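S.K.: sharing a model that was predicted from the sequence below.
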Amino acid sequence: MGVTIEELFGYPARDFSSTPRKVRAAEICPFLAGPCNKLLRDGTKSGVCTVRQTTASFPTICCPARLYAQDYLILQELASDTFGQGVKLYAGKDAVSSAATGNAVAVFGKHWGKELRLPGRKGLGRFFVDWILAKLDTSGNVMEFVALEVQTIDTTGNYRQERNDLLARRIPAQQSDAGLNWENVSKRILPQLIFKGHVLQREPLCKKGLFFICPTAVYNKIIERLGGSPDSIHPQPGAITFRCYDLQPALGPGQIRLLSKGSDFTTTIQQVALAFVSPTNLPPQGSYLAAIKAAL
């Protein structure tokens, strides 16, 4: 199942107006206000933010930086949902000097102070949590915190020729052979979430659990991998909340598409772990025997 490039250096890929051309020439990521950090194998700046599967009706964000649009909207919305309206985000320890206002939230993550490591398991290294948002009281003490992971989806194959055509302001003559690496959902994303969730549920001040923000296509794949979505619970200690975002329609030439918040689903880490090791969406019994007979 192939994909086509939907966004390049932050703008719709087939928008060849002056602003996108300037940004692409400078290889800038408009969401991080600096150089694009998504690289091809040879070190070339990829610039590919979003792709569209040829059979899909909506695009899939494939670069985490794309989810930081609108001045880190996803962090502000999560802070407001978790700690209440009116809170203000500050980079790390900068929040302490504003704690007297009663609405200060210290943010720890890349480009916001520093990322915080989780304690490691013996012989297995240490994990980072992408984001920690900590609500401070008026004295600068931590009242409560929430952890957030942000993931998109990796691509497989090669879209270099399509990318080069678009940078040269040509409509690509043929589709690339790139695809989306859905295996990462099972092999990497879910195991890391389960481990981090178990660590965080032992933290008394992590009162709403772990949040995971991703594109809608990844959200749907995770729900499918977990065997569907039973009744959602409220965010609480030991819980994980899956939240998805999509892109709003294009506004016009030279305009960046805005993010649109989609569904939320909250369950427990234990339920995720159980579904992961005991999948419900197995093929029919006897499938291997049928394959052997067909081959004979």
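M.R.: Sure, I can see it. Numbers count the residues shown, from 1 in each chain.
S.K.: next, count neighbours for Phe58.
M.R.: Residues lying near Phe58 (other Cβ atoms under 10 Å) number 13. Where you see a C-beta, it was placed from the backbone N, CA and C, and this is true even at glycine.
S.K.: next, it: secondary structure please.
M.R.: At Phe58 the chain is in coil, as set by DSSP: H, G, I helix; E, B strand; the rest coil.
S.K.: could you check how far it is from Ile292?
M.R.: For Phe58, the distance to Ile292 equals 39 Å [Cβ to Cβ, to the nearest Å].
S.K.: cool, Ser278 as well?
M.R.: Taking Cβ to Cβ, one finds Ser278 at 26 Å from Ile292.
S.K.: what does Leu75 give?
M.R.: 52 Å.
S.K.: and those two? which has more neighbours close in?
M.R.: Using other Cβ under 10 Å, the more surrounded residue of Leu75 and Ile292 is Leu75, with 21 against 9.
S.K.: residue boundaries of the strands in the stretch 101-250 of the chain?
M.R.: 104-109, 116-117, 128-129, 131-136, 142-150, 155-156, 179-180, 210-215, 239-247 (DSSP state E, counting those that start in this stretch).
S.K.: how many neighbours does Cys206 have?
M.R.: 22.
S.K.: spatially nearest residue to it, not counting backbone neighbours?
M.R.: Spatial nearest neighbour of Cys206, excluding adjacent residues (Cβ to Cβ, 6 or more residues apart in numbering): Leu200 at 4.9 Å.
S.K.: ok, the one you found - contacts?
M.R.: Each residue near Leu200 by Cβ atoms under 8 Å, 6 or more residues apart in numbering is listed here: Ala147, Cys206, Gly209, Leu210.
S.K.: surely the first one and Phe211 touch.
M.R.: If I follow you right, that is Ala147. Yes. Counting by Cβ atoms under 8 Å, Phe211 is a contact partner of Ala147 at 7.0 Å.
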